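Asker: starting from these lines, generate the structure:
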Amino acid sequence: MTKLLMFFALFLISFTSLAEAEFDTQPKDSILLTVFLKHDQTRVLAETQEILTEQGFFDTFPPKGVSVVSWYVMMGIGQVITLEVPAHQLNEVNLAIEKTAWKAFTSEFYPTYNLYPVYKDRLKNKAKVSYK
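Answerer: Numbers count the residues shown, from 1 in each chain. Below you'll find the model as predicted:
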C-alpha cells in the first residue's frame, strides 16, 4: 500500500513539474522592451527606495508573465531594464511603471527585437555570450 501511495505521489509530481516548465515559456508574440528609469538626482537612494516601497513597485513589477532579461544601473543616468513581454501585456508593463515608479523616476520605453538570429550565421566569431 505504501509503495502504491508513493507511486501516485511521484506520478503527480512529475506532471506538476512538466506544467511549470511549460508555463515559463514565453509566447511567440513576445517582444523585448527596454525600460529606462532615470534617476531624480534631487533624491538620495534611500528616498528613492522608500518611494518605490510605498507605491508597491517591488510587489507589482514586473507583471506576472513578463520576464526580466537584464537589469543594470547606468551610472549618472538610472536603471536600464530589458524585459521579454508578451505583446498583449505591453499595457500592463506601462501601467505598472506609471502606478509605482513615476514619483521615484522618469521613464522611457524602447521596444526592440532580437537581431542575433539574423546575423549569427554571418559572424566570423560564432560564440554567443550567455550570462546564465
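Asker: show me where the protein has its helices.
Answerer: Along the chain, counting by DSSP state H, helices occupy 2-23, 45-54, 57-60, 90-100, 116-119.
Asker: how about low-confidence regions in the chain?
Answerer: 1-27, 128-132 (pLDDT under 70).
Asker: what residues are bridge-paired with residue 68?
Answerer: residue 83 (DSSP bridges).
Asker: contacts only, for it.
Answerer: Neighbouring residues of residue 68 by Cβ atoms under 8 Å, 6 or more residues apart in numbering: 62, 81-83. Quick note: C-beta positions are derived from backbone N, CA and C, even for glycine.
Asker: give me that answer again for 10 Å
Answerer: 61-62, 81-84 (Cβ atoms under 10 Å, 6 or more residues apart in numbering).
Asker: ok, so of those, who is nearest residue 38?
Answerer: Checking the contacts of residue 68 against residue 38 by Cβ to Cβ gives residue 81 as the nearest, at 11.9 Å.
Asker: so how far is residue 77 from the spatially closest residue to residue 84 that is not a sequence neighbour?
Answerer: Leaving out its chain neighbours, the residue that sits closest to residue 84 by Cβ to Cβ, 6 or more residues apart in numbering is residue 67, at 4.3 Å. Using Cβ to Cβ, to the nearest Å, residue 67 is found at 23 Å from residue 77.
Asker: so residue 101 touches residue 62, yeah?
Answerer: No. Using Cβ atoms under 10 Å, residue 101 is not in contact with residue 62, being 11.4 Å away.
Asker: who touches both of these two?
Answerer: Shared contacts of residue 101 and residue 62, counting by Cβ under 10 Å, 6+ apart, come down to residue 35.
Asker: since that was my last question, I'll sign off now.
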